[in-house]
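Peer 1: sequence? don't have it. structure:
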């Protein structure tokens, strides 16, 4: 499994030749001219939700001559944007059309299981889960040798288990192109902005919200073996919870998780959403700067974006960058 340190560039999609038409690939073959695409919506997400594609096709008989099977590979390329490999999940007949649902994970990733891991590393845990699902794994901004003296997988699917670990570490799990990708939020925040959005107070399709009462000013982890605390110098609230159910066996591990959990929690307190024309530069975990006279001005990370390739529109939800965690 590859591990990328700070300074490496996370590229959430590959740039193909900028063809305007929506191209549909099935099991590596371009079948665009053999089907009629009535709808194509791709959700690019991080933080607990996997990538997904909802495809609506006419001429269903032409689709079925391909003999579709669960976990077959589907991808769409449109105007320089590539969804990466997605896996066939469900086919639903509707009014002489077919709605096809594909996700960023293979079906094996949903199998729930329990396991205990001793003296493992973050890199090892991602690699084990990826191998179980027939996928690959990659880390961005994390030291893959972060230690886990002991950790339990508690009747969880691989994605749910890895999502829990990413929250502890202050990161996000993303499924992209056949991979489980662990991305450090601090690393993603430190990258140069992929683009700058200029937003006015009256701009259609824009919304902003901050819930100061949802922010923690600090967080402390206490176990029978260790304890450590973290603070957020930028938090407005005065709530500082104590967490005592995590398997931290050293002060270093407790401190790492305190900072990670404080970051992942406080990121949720401030969000902005924007809708507009198709924007291939909006991808999950991309850094975006906002120029605005509203409170939304500043640095953001894209949490989730929905691209409608047929209607040529994009809608993104962003969470504020938090740089005051210590």
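Peer 2: Looks like it came in fine. Just so it is clear, the structure is predicted and the values come from calculations on it, not from any experiment.

Peer 1: how close does residue 263 get to residue 298?
Peer 2: Per C-beta to C-beta, to the nearest Å, residue 263 is found 16 Å from residue 298. In this view, the C-beta of every residue, glycine as well, is placed from N, C-alpha and C.

Peer 1: Between those two, which has more neighbouring residues?
Peer 2: Each of residue 263 and residue 298 has its neighbours counted (other C-beta atoms under 10 Å); residue 263 has more, 25 against 14.

Peer 1: how about the more buried one, what does it touch?
Peer 2: Contact analysis of residue 263 by C-beta atoms under 8 Å, 6 or more residues apart in numbering lists 170, 185-186, 322, 325.

Peer 1: and those, which of them are in helices?
Peer 2: 185-186 (DSSP state H).

Peer 1: Please convert the contacts of residue 263 to JSON lines, extending it with pLDDT.
Peer 2: Listed next are these as JSON lines, based on pLDDT from 0 to 100:
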{"residue": "170", "pLDDT": "97"}
{"residue": "185", "pLDDT": "97"}
{"residue": "186", "pLDDT": "96"}
{"residue": "322", "pLDDT": "95"}
{"residue": "325", "pLDDT": "96"}
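
Peer 1: export the contacts of residue 263 to a markdown table and tack on distance to residue 309?
Peer 2: Formatted as a markdown table, the contacts of residue 263 follow (distance: C-beta to C-beta, whole Å):
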| residue | distance to residue 309 |
| --- | --- |
| 170 | 33 |
| 185 | 28 |
| 186 | 33 |
| 322 | 33 |
| 325 | 37 |
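
Peer 1: Just the closest of the contacts of residue 263 to residue 132, please.
Peer 2: Within the contacts of residue 263, proximity to residue 132 (C-beta to C-beta) peaks at residue 170, which comes in at 24.7 Å.

Peer 1: Surely that closest one is in contact with residue 185?
Peer 2: Yes: the pair formed by residue 170 and residue 185 meets the contact definition of C-beta atoms under 8 Å, at 5.5 Å.

Peer 1: any shared contact partners between these two?
Peer 2: With C-beta under 8 Å, 6+ apart as the test, residue 170 and residue 185 both reach 263-264.

Peer 1: Residue 162: how many residues sit nearby?
Peer 2: Residue 162: 26 surrounding residues under other C-beta under 10 Å.

Peer 1: Would you mind checking which helix or strand in the chain has the lowest mean pLDDT?
Peer 2: In the chain, the helix or strand scored least confidently by mean pLDDT, DSSP states H and E is strand 2-4, which has a mean of 45.

Peer 1: Mind checking what helix or strand follows that strand in sequence?
Peer 2: For strand 2-4, the following helix or strand on the C-terminal side (DSSP states H and E) is strand 23-26.

Peer 1: Pull the residues that contact that next one.
Peer 2: Outside strand 23-26, the residues touching it (C-beta under 8 Å, 6+ apart) are 30-32, 35, 37, 40, 55, 66, 68, 72-78.

Peer 1: repeat for stretch 221-241
Peer 2: Contacts for stretch 221-241 (C-beta under 8 Å, 6+ apart): 212-220, 242-244, 246-255, 257-259, 261-262, 266, 322-326.

Peer 1: cool, stretch 149-163 as well?
Peer 2: With contact meaning C-beta under 8 Å, 6+ apart, stretch 149-163 is reached by 47-48, 50, 105, 108-120, 125-126, 129-130, 132-133, 164-165, 173, 175, 180, 182, 247, 249-250, 253.

Peer 1: Three-state assignment for residue 279, please.
Peer 2: Assigned with DSSP: H, G, I helix; E, B strand; the rest coil, residue 279 falls in the coil class.

Peer 1: Ramachandran coordinates for the residue lying closest to residue 212 once chain neighbours are set aside?
Peer 2: Distances taken as C-beta to C-beta, 6 or more residues apart in numbering place residue 236 nearest to residue 212, at 4.0 Å, with adjacent residues excluded. In terms of degrees, to the nearest 10, the main-chain angles of residue 236 are phi -90, psi -30.

Peer 1: give me the number of residues near residue 236?
Peer 2: Residue 236: 14 surrounding residues under other C-beta under 10 Å.
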